[in-house]
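Engineer: How does the following fold in three dimensions:
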Amino acid sequence: MTPPPLHGLRFAFGTLSVLPVRVSRWDREAARGGMLCAPLVGGVLGCGAAAVAVLLLFLGAGSLLAAVGAAAVPAVLTRGLHLDGLADTADGLGSGKPAEDALRIMKQSDIGPFGVITLVFVLLAQVAALSRLYDDSWARGALATVVSAVTARLALTLAARTGVPPARPQGLGAAVAGVVPVRGALAVALAVTGVAAAAGALLGTDDIARTALAVPVALAVAELLLRHCVRRFGGITGDVFGGLAETAATTALVVLSLG
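Structural biologist: As a prediction, the model looks like this:
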């Protein structure tokens, strides 16, 4: 019999990445473990993205192409899941329609003008910030790549906390809504912030403060989006989760690129 923690890991990697992991359980316990393990998925994807970016740098591709690689790898390893969710969420919010109509717009397969505009500016911001970081040093760029990927999935852990309702009775949002105890979500957030600060210490005193600040600021911005979506849609959906992840990742990268 598979131990319960492994069910959570399988749920996390099977739903948040394209890695060949079979999800054997879809119940609330597995979903709780999966959302608590979500930052680990970010760590794996972030390390893969950083490895590609650093390889490009050492091959002489330059910081801009390294930044493109770092931004592209997580998109590839999630089949664009979070980017698609960001675009759909932007279309739903930008429609200005009642919750039921906005949710219907978000389920459509095409991307509207709000989604396109949001994707363009978010990806530009990510590449610009990563280019600045990799131009500074490969180590600083690699650290930012991993921290942003972990923070993006940490935002999902917090969004799945108790008290946040689903907007629909079906789908990924309904499967994970409210499964994580608030104390558990906060404990994971504190642990990730501490590890990020410790990793920043390897690069210097300034990086400790910058890295430790990037995580809570990114989570705060994602929290504002979460609350707005709950007010507009009546709860969260899988698309909203994607929007939260990309929002947190982009905010973390911007903070890390400052100074």
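Engineer: and Ala177, how many neighbours?
Structural biologist: Counted by other Cβ atoms under 10 Å, the residues lying close to Ala177 total 27. For the C-beta atoms, the positions are set from N, CA and C on the backbone; glycine is no exception.
Engineer: Correction: the previous question concerned Arg22.
Structural biologist: Number of residues near Arg22 (other Cβ under 10 Å) recorded here: 7.
Engineer: same question, Arg231
Structural biologist: The number of residues near Arg231, taken as other Cβ under 10 Å, comes to 10.
Engineer: Secondary structure element holding it?
Structural biologist: For Arg231, the host element (DSSP states H and E) is helix 205-233.
Engineer: which secondary structure elements does that helix contact?
Structural biologist: Counting contacts by 3 or more Cβ pairs under 8 Å, 6 or more residues apart in numbering; DSSP states H and E, helix 205-233 packs against helix 81-95, helix 99-107, helix 138-159, helix 182-201, helix 238-257.
Engineer: Same list, those helices, but as JSON lines with mean pLDDT please.
Structural biologist: Listed next are the helices and strands packed on helix 205-233 as JSON lines, based on pLDDT from 0 to 100:
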{"stretch": "helix 81-95", "mean pLDDT": "94"}
{"stretch": "helix 99-107", "mean pLDDT": "90"}
{"stretch": "helix 138-159", "mean pLDDT": "97"}
{"stretch": "helix 182-201", "mean pLDDT": "95"}
{"stretch": "helix 238-257", "mean pLDDT": "97"}
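Engineer: of all those helices, which lies closest to Gln170?
Structural biologist: Each of those has some distance to Gln170 by Cβ to Cβ; the shortest is helix 238-257, at 10.0 Å.
Engineer: quick check, distance from that closest one to the centre of its chain.
Structural biologist: 5 Å (Cα atoms, centre = their mean, to the nearest Å).
Engineer: and the angle for it with helix 138-159?
Structural biologist: Using axes from the mean of the first three to the mean of the last three Cα atoms, to 10 degrees, the inter-axis angle of helix 238-257 relative to helix 138-159 is 140 degrees.
Engineer: Let me see the mean pLDDT of the host helix or strand of Thr15.
Structural biologist: Thr15 belongs to helix 4-16 when elements are defined using DSSP H and E. Across helix 4-16, pLDDT averages out at 86.
Engineer: my guess is Val116 contacts Ala87, does it?
Structural biologist: Yes. At 7.1 Å, Val116 counts as touching Ala87 under the criterion of Cβ atoms under 8 Å.
Engineer: higher neighbour count, those two?
Structural biologist: Taking other Cβ under 10 Å, Val116 and Ala87 do not tie; Ala87 has more neighbours (26 against 13).
Engineer: And the helix holding Arg231, what's buried?
Structural biologist: Using 16 or more other Cβ atoms under 10 Å as the test for burial, helix 205-233 gives 207-208, 210-219, 221-223, 225-226, 229-230, 232-233.
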